[in-house]
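> Let me see the structure of the following:
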Amino acid sequence: MILVPLVMLAYALFVGTRTGLDTQSADLFAMWLAGDFMAMGRLDQIYPSSAVMFDMTTPSEWWPYVQATDPDARIFPYIYPPLWAKLVSWLTQITTFAVFDTVFLFVHQALLIATTYLAAKMCGFRGLSALLVVAVTYEALILTMPIGIALGENQPQILVSFLIVYAFERAQSGAPRAAGILLALAAAIKVYPVLFIVIFAARRNWRAVVAFGIAGGALGLTSIALAGWPLHADYLSMLGVLSKSVIVTNFSFSADALYAGAILEDQLLPVYQPSTAEEQIGWAAIAKGPIWHAVSSIAQIAAIAGVAFLAARRPHDPLIVPFAVTLFALVSPLSWAYTYLPAYVFIAALPLRFGLIGWGFAALMVVYFHPIIAGITLYQDSWSLWSFGVGGVSLMVVMLALLLLALLKRPPAPILPT
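Sure, this is the predicted structure:
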């Protein structure tokens, strides 16, 4: 019996590796380019300079620099803290992006498997059942669009997802200091994991909260010491602009993107990369007005309060993690299909809690995100969300509702010491 999940894991590893090696990792390439310009001392070329709207265009000299060696390259802006650009700048002096990319591909494969295992462990799966859950979940992730694309792009969200899930597994296992440090590291890569500290606070896990504060402060001071304050000011300015902007594509899974694509399509600004401009392949962007921004801010505050309430009410239920991931992503101005990875890895818990309904929803997710089905609606000439995106957002809302019902039901006993 053990042979079946092992074969499934091996097959998924093969497919994921082949896909990753055949794809230009544009998301990871952004980090490499930021490091390249950091090494040159071109600090004005690390972050986009627009003060009006974040539209995912890159700094002015990135295209000429890249096209000199690869005219067909795809590049996206660097939107991570300065610390990582500084660290990568050292790597650019001793290795190549091809090596960096390949190493990250295998690291991300391992982290995907580890993340699914941690989620299975948190939900109470053990032994052969845990191995089977890991194999099925991992294969489903690799063979469907959101995470298949994230792996091909070597998207750092994979690492961040691992750190988020690992943080809460450590908290559930009685290691709060490690939990706080892991969550701080996740927040130092992508800022949004800072929101999850509300779960530790609501559950009065003060050791995790203090560890998060100390580790986060140390990482922040290290970043400023290495990269300097002016670059951090640029980063914070970009985050401010980003919070008041919305990117609209068929791969955008958020309430803001759905509203913009469905209601405000005639107001969207089309954005094309030079290498694909002739084919009219790109995305769209729009700046939020004051009322829209205020409503979004209220929704985000309400989401934080809702997560805190449920975390306190269900102090031992691991499903608070996928619930929080899904809710925070839905009200975020910039959420992609793969942003929900820390929730996807808990999908096996739904059949455990809801029986046939859970099985049906899990199957629907796999079918909808399968490349054949997704390919019919994902690759459109238009950025209208009335295709892959609207279905994806709808699925996330249903998943959120199921997770909420699971949390409101009789809470499970603690699986591990807390």
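
> tell me the contacts of the residue nearest to the spatial centre of the chain?
Centroid-nearest residue in the chain: Thr339, 3.0 Å away (criterion: Cα atoms, centre = their mean). By Cβ atoms under 8 Å, 6 or more residues apart in numbering, the contact list for Thr339 reads Gln157, Phe253, Val325, Ala329, Ser332. Where C-beta positions appear, they are placed from N, C-alpha and C, glycine not excepted.

> show me what contacts Asp155?
Wrong residue type there; residue 155 is Gln, not Asp. Counting by Cβ under 8 Å, 6+ apart, Gln155 has contacts Asp27, Leu28, Ile149, Tyr338.

> Thought Ile149 was touching the first one, still the case?
No: with the criterion set as Cβ atoms under 8 Å, Asp27 and Ile149 do not qualify as a contacting pair; they are 9.5 Å apart.

> The contacts of Thr339 in helices, which ones?
Using DSSP state H, the subset of these located in helices is Gln157, Val325, Ala329.

> hmm, back to that, quick check: the residue nearest to the centre of the chain is in a helix.
Yes: membership of Thr339 in a helix is supported by DSSP: H, G, I helix; E, B strand; the rest coil.

> could you give me the average pLDDT of stretch 323-343?
For stretch 323-343, mean pLDDT rounds to 95.

> err, stretch 36-55, not the other one
89.

> same thing with stretch 73-84?
Per-residue scores along stretch 73-84 average to 91.

> thinking again about what came up before, identify, from the contacts of Gln155, the entry nearest to Gln93.
Comparing those against Gln93 with Cβ to Cβ places Leu28 closest, at 17.8 Å.

> Tell me, how many residues neighbour that closest one?
Leu28 has 21 neighbours, counted by other Cβ atoms under 10 Å.

> what do you get for Ala68?
So Ala68, with other Cβ under 10 Å, has 8 neighbours.

> ok, now Ala10?
So Ala10, with other Cβ under 10 Å, has 12 neighbours.

> what secondary structure does it sit in?
helix.

> Contacts only, for it.
Applying Cβ under 8 Å, 6+ apart, no residues contact Ala10.

> In helices, which of the contacts of Gln155 fall?
Short answer: the contacts of Gln155 in helices (DSSP H) are Asp27, Leu28, Ile149.

> And the residues you listed, which is closest to Tyr192?
Nearest member of the ones in helices among the contacts of Gln155 to Tyr192, counting by Cβ to Cβ, is Asp27, at 15.9 Å.

> Quick one: name whatever helix or strand follows the lowest-mean-pLDDT helix or strand in the chain.
The weakest-scoring helix or strand in the chain, judged by mean pLDDT, DSSP states H and E, is helix 371-378 (a mean of 70). As assigned by DSSP states H and E, the chain's next helix or strand after helix 371-378 is helix 388-408.
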